[in-house]
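In: this is a predicted model, with the sequence first.
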Amino acid sequence: MFTSLQSLIELAESRQLPLHEIILQGEIASSGRSREALQADMTRRLETMRASVDKGLASPVHTLSGLSKGNAHKFYTSIRQNDAALTGSCLSRAIARAMAVGEVNAGMGCIVATPTAGAAGVLPAVLLSLQEARGFTDEQLVNALFTAGGIGIVIVNRANVSGAAGGCQAETGSAAAMAAGSAVELLGGTPGQSVHAVALSLSNMLGLVCDPVAGLVEVPCILRNAGAVAQCFTAVDLALAGVESLIPADEVIDAMERIGGRMDERFRETAQGGLAATPTGRALAQAFWTRTRGEKTNEF
């Protein structure tokens, strides 16, 4: 449906409509479904996002592997008790929310894959934290989700969002780009500024490898969602200030696709390279799989 972010800008500007409306109209045309039905579906996704965030923040989430140790709850409790985080109130709370979704996912809870389960914490963390900080309505967040979805469609059509195909740049990088573009629109930016935010965030995450310890979507995946939130916020502030990416967003996406295609398979979700291949990473994996098989171990 959408293959170029530049074409989305041109459509939005020529029709004098926001990006979310262009994307929603395109979805209506391609799916044959009503506006009301599509908005209702997106509202349910927003509710699922909020529920996963709330669950991960309310109490420590532990997983069968033992690798996730309720860090979202720990960090959220800390920043609420002592509002002195160097990242500031909005970003620090977004970081906690991103981790919360990642931990709920690792604990086999219900999340919304945006665009993948491994990168599912970024978009809800950004949008829900902006809602808390700026008072946006759920309807405005639903519109932002359509914008994020349209950006994701372009990325999928030009590249991919698979860690196995393109590394973590394709997962958390794409998630940061989707969140950045939608956040700029939510904060009153132009379609052009939204797309510059996409380019700025994704540019800073090119080449990021996918190296899950023990092959599980926990380490370093959950904390990479936190890092992607920080990249997103940086790109949003820059774009809203008028800072532009010299490389067009479509070309940044194309570059990501080429980088992913040339990336060694050890760095594409196989758990054979990067952090997964460190001595500690291998020891954690061995301890987990030994325990899973019911053998005796002193780990965990």
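Out: Cool, got the structure. Numbering: from 1, shown residues only.
In: can you report phi and psi for residue 216?
Out: phi -100, psi 150 (degrees, to the nearest 10).
In: quick one: contacts for it?
Out: 65, 67, 106, 288 (Cβ atoms under 8 Å, 6 or more residues apart in numbering). All C-beta spots, glycine's among them, are computed from the backbone N, C-alpha and C.
In: past the longest helix anywhere in the chain, which element shows up next along the chain?
Out: Counting residues, the longest helix in the chain under DSSP state H turns out to be helix 35-58. Beyond helix 35-58 on the C-terminal side, the first helix or strand identified by DSSP states H and E is helix 71-81.
In: that following helix: how far from the chain's middle?
Out: 20 Å (Cα atoms, centre = their mean, to the nearest Å).
In: so what does that helix touch, helix or strand wise?
Out: Helix 71-81 sits against helix 35-58, helix 89-106, with contacts defined as 3 or more Cβ pairs under 8 Å, 6 or more residues apart in numbering; DSSP states H and E.
In: angle of the last one against helix 35-58?
Out: Meaning helix 89-106. 90 degrees (axes from the mean of the first three to the mean of the last three Cα atoms, to 10 degrees).
In: of all the residues in helix 89-106, which ones are buried?
Out: Across helix 89-106, burial judged by 16 or more other Cβ atoms under 10 Å covers 91-106.
In: can you map out the helices along the stretch 151-300 of the chain?
Out: In the stretch 151-300 of the chain, the segments counted as helices under DSSP state H, counting those that start in this stretch are 163-166, 168, 174-186, 191-203, 221-240, 249-262, 279-292.
In: so which of the ones you listed comes closest to residue 73?
Out: Closest to residue 73 of the helices of the stretch 151-300 of the chain is helix 221-240 (Cβ to Cβ; 12.6 Å).
In: now the closest one: buried residues?
Out: 221-240.
In: how far off centre is that helix?
Out: 9 Å.
In: for it, name the packing helices and strands.
Out: Packed against helix 221-240 by the contact rule (3+ Cβ pairs under 8 Å, 6+ apart) you find helix 89-106, helix 122-134, helix 174-186, helix 191-203.
In: what's the angle from it to helix 174-186?
Out: With the same axes, to 10 degrees defining the directions, helix 221-240 sits at 40 degrees from helix 174-186.
In: as TSV, the helices and strands packed on helix 221-240 with distance to residue 35 and mean pLDDT would be great.
Out: What follows is the helices and strands packed on helix 221-240, written out as TSV (distance: least, Cβ to Cβ, whole Å; pLDDT from 0 to 100):
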stretch	distance to residue 35	mean pLDDT
helix 89-106	28	97
helix 122-134	21	98
helix 174-186	18	98
helix 191-203	20	98
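In: now these as TSV including distance to residue 277?
Out: Below are the helices and strands packed on helix 221-240 laid out as TSV (distance: least, Cβ to Cβ, whole Å):
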stretch	distance to residue 277
helix 89-106	21
helix 122-134	25
helix 174-186	24
helix 191-203	26
